[in-house]
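Colleague: One predicted model, sequence on top.
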Amino acid sequence: MTTRTYTIASSVGLHARPAALFTQAAAETGVEVTIGRPGEEPVDASSILGVMGLGAKNGEQVELTADGDGAEAALDKLGTLLETDLDA
Amino acid sequence: MPSPTTEATASAAHAVDQVRRGIGVSPGFGVGPVVQVAPPVRPPVQEPAAADPAAAAETVRAALDAVAADLDDRASRAEAEAAQVLGAGAMIARDKELFKAIVGSLEAGSGPATAIDQAVETFAERFTAIGGYFAERVADLRDVGARAIAIVLGEPMPGVPALTEPSILVAHDLAPAETASLDRAMVAGIVTQAGGRTSHTAILAAQYGIPAAVQVADASAIAPATRVAVDGSSGQVWIDPSDEVVTEARERLEKRAELLASTSGPGSTADGHAVKLLANIGGPADAEAAAVLDLEGVGLFRTEFVFLTATSAPTREEQAAIYRRVFAPFGSRRVVVRTLDAGADKPLAFADLGEEENPALGRRGLRLSQALPELLDTQLQAIADAAQATEADVWVMAPMVATADEAAWFASRVAEAGLPMAGVMIEIPAAAINSHHVLAEVGFGSLGTNDLAQYTMGADRMQGELSDLLDPWQPAVLGMVAQASDGARENDRPLGVCGESAGDPALALVLAGLGVTSLSMAPGKVAAVRASLALHTVAECKALASVALSARTAKDARELVVAHASPELAALL
């Protein structure tokens, strides 16, 4: 089990377009990844409803967690996305 | 002379109980078998708990997968905008958190349909609370839920079924997404029980040229497959019509086609008085579709779509790219751009001034721009950039202007952005009454007759039951047009009309008679208005205008004008 913390870079937070891009990328990794605020119940990172419902704002910290083969690579990829302003 | 009213009465005598009168919102005549558009299925009241939650979860999973596959399939056959709506729905149907919430509900003792409904409503509430872009996704979410519930219960799918022959769609009301994704070749007409003159269904039907009537009593009760005819101008609906009715209507259509073919080019009266014929559009796709038609440009380009789905203010470059795509197809023709018209009823994620008791009378249109001037300045700069990059004759106008000071403020902003022509919408009675001062500040005026009727008659546009009060034939509304026209004449300013009333071939004569110099409408209506103007001289238009102005009621005004106009006009209505 690997857990890493990232800071949301998108100026509008993890909403709308950034959320759609992020969940698509999460689905494409083929690895079960969850996203959530530290200490809170996480949601599936490929769920647009879950991720939008999270309402993570710009500058907020979130944790990505994954397990098994490809976990490291998936987190690298998704973490980079979180730390990019996807709304630009 | 025969007027459509007397003809209709004669036909109705054959089968009095089989004719219903609604409100015609998109002209033309259609006949075909009824296809009822099923309303969304609700879960049964007190649905028993699933005996085996795990098995029920599998059933629900299969239903959601079927919904996703169906939406994907429809998206692959739809046009760009509709495809996006359908694709978003498929994504929701496959969503893991949605399924997780449903499984939770099943395990807590809910029946399968109820579990789907509860999960959907949990997310719907959350999204409604966030507002903006999220609130708009609620309709997609509920649609996915209703589809999955229909499969689980073995009920007919909500929405428009696949059509195999040209049919008349009958519904309580049609959602905009449904109307947007219609197979136009297979829809001979639309009949709805609810809706109003300016509802989205009416506007889209007119844009697509599909005959449509709204506010038709008991429409939902018409049996599927019944042969029905609809006259989208009078609003009449014949149930199981006699061949005579159909033949007579067809003859009228032939006459209409003949008249439409007899004129082309710039709009003018029989004696050569020019009245520009323009299109109302909402984005690049509309622009491409309208630009290939025989019309003189755009009288109303609504820019809301650029902003409504964005979560942050679109940049100057982003906006300019969109505006270029709208201007370019029109070559050197005129394009009148209306600046952002948002308010508390259409809140923007990045420009929300908070909730209001009464959004129609609140900080909307120019008032919002005055509260957030940087938003307007960026938009004007982007319009100027796009105007520079294309040949189009670009004019800009502000919505919701009430006073001369507001008009002057807007004109100075437009001048600062380097755009040559600023104007104002005249949709508030104050601006019409005071038009000699308001229009002195700007280069042109444009009457938005839908809002002008709403504010003159004190009747909410969104209230279908008040359609009669919102009738643009109301003599008081025409009086406002006349006052605005006096102010325009005093200042020697062009005055257009860009409400749906401009597309009524009879009302167009009255408007031209009142001194209106351009008419902007759904592109599909231009040909009939051109033909109508060509049948009358400007003196005749002025006479018809004074008849309409002095009428006692909206109904009298229309009947008198039709009776005094050229007998050939009947074929165009």
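Modeller: Arrived safely, thanks for sending.

Colleague: Quickly find the element holding B:A57.
Modeller: According to DSSP states H and E, B:A57 maps onto helix B:53-77.

Colleague: low pLDDT regions in chain B?
Modeller: For chain B, the stretches flagged by pLDDT under 70 are B:1-17, B:78-82, B:84-85, B:130-136, B:175-177, B:179-181, B:198-200, B:309, B:344.

Colleague: Enumerate every residue touching the closest residue to chain A within it.
Modeller: With C-beta to the nearest C-beta as the measure, B:E97 is the residue of chain B nearest to chain A, at 3.3 Å. In short, each C-beta sits where N, CA and C put it, glycine included. Contacts of B:E97 were listed using C-beta atoms under 8 Å, 6 or more residues apart in numbering or on different chains, and they are A:43-44, A:47, A:49-50, A:53.

Colleague: which one of those residues is nearest B:G272?
Modeller: Ranked by distance to B:G272 (C-beta to C-beta), the contacts of B:E97 are led by A:L49 at 61.2 Å.

Colleague: Show me what the helix or strand containing the closest one is packed against.
Modeller: Following DSSP H and E, one finds A:L49 within helix A:48-54. When contacts are defined as 3 or more C-beta pairs under 8 Å, 6 or more residues apart in numbering or on different chains; DSSP states H and E, helix A:48-54 sits against helix A:16-29, strand A:33-36, strand A:43-44, helix B:80-93, helix B:96-107, helix B:112-130, helix B:132-153.

Colleague: Just the CA trace of that helix, in PDB.
Modeller: Extracted in PDB, the C-alpha atoms of helix A:48-54 (Å, rounded to 0.1, in the frame of the first residue of the first chain):
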ATOM      1  CA  ILE A  48     -16.300  11.700 -11.600                       C
ATOM      2  CA  LEU A  49     -19.100  12.000  -9.000                       C
ATOM      3  CA  GLY A  50     -16.900  11.100  -6.100                       C
ATOM      4  CA  VAL A  51     -14.100  13.400  -7.100                       C
ATOM      5  CA  MET A  52     -16.400  16.300  -7.900                       C
ATOM      6  CA  GLY A  53     -18.200  15.700  -4.600                       C
ATOM      7  CA  LEU A  54     -14.900  15.900  -2.800                       C
END
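
Colleague: what's the next helix-or-strand element following it in contact with?
Modeller: Beyond helix A:48-54 in the direction of the C-terminus, DSSP H and E gives the next helix or strand as strand A:61-66. Residues from elsewhere that reach strand A:61-66, judged by C-beta under 8 Å, 6+ apart: A:1-8, A:14, A:31-38, A:42, A:45, A:54, A:56, A:74-75, A:78-79, A:82.

Colleague: Tell me the residues on chain A that lie near chain B, please.
Modeller: Proximity of chain A to chain B, by C-beta under 8 Å from any C-beta of the partner chain, involves residues A:11-12, A:15-17, A:43-44, A:46-50, A:52-53, A:55, A:87.

Colleague: Report the two of those residues separated the most.
Modeller: For these, the farthest-apart pair by C-beta to C-beta is A:S11 and A:D44; their separation is 24.7 Å.

Colleague: Close to chain A: what parts of the stretch 1-150 of chain B are there?
Modeller: Near chain A, when you scan the stretch 1-150 of chain B using C-beta under 8 Å from any C-beta, you find B:91-92, B:95-98, B:100, B:123, B:126-127, B:130, B:133-134, B:137, B:141.

Colleague: Would you mind listing the two of the residues you listed that lie farthest apart?
Modeller: The span of these, defined through C-beta to C-beta, is set by B:K100 and B:Y133 at 23.2 Å.

Colleague: Specify which residue of those two has the higher count of neighbours.
Modeller: In this view B:K100 and B:Y133 are compared by other C-beta atoms under 10 Å in any protein chain shown, and B:Y133 has more residues nearby, 20 against 16.

Colleague: neighbours of the closest residue to B:A404 other than its chain neighbours, just the number please.
Modeller: Leaving aside its chain neighbours, B:A404 sits nearest to B:H437 (4.1 Å; criterion: C-beta to C-beta, 6 or more residues apart in numbering or on different chains). Residues contacting B:H437 under the criterion other C-beta under 10 Å number 17.

Colleague: Check B:R184 too.
Modeller: Close neighbours of B:R184, defined as other C-beta under 10 Å, add up to 9.

Colleague: tell me the phi and psi of the closest residue in space to it that isn't next to it in sequence?
Modeller: Spatial nearest neighbour of B:R184, chain neighbours left out: B:Y208 (5.4 Å); criterion: C-beta to C-beta, 6+ apart. Main-chain torsions, B:Y208, degrees, to the nearest 10: phi -90, psi -10.

Colleague: and the residue of chain A nearest chain B?
Modeller: Going by C-beta to the nearest C-beta, chain B is nearest to A:G50 of chain A, at 3.3 Å.
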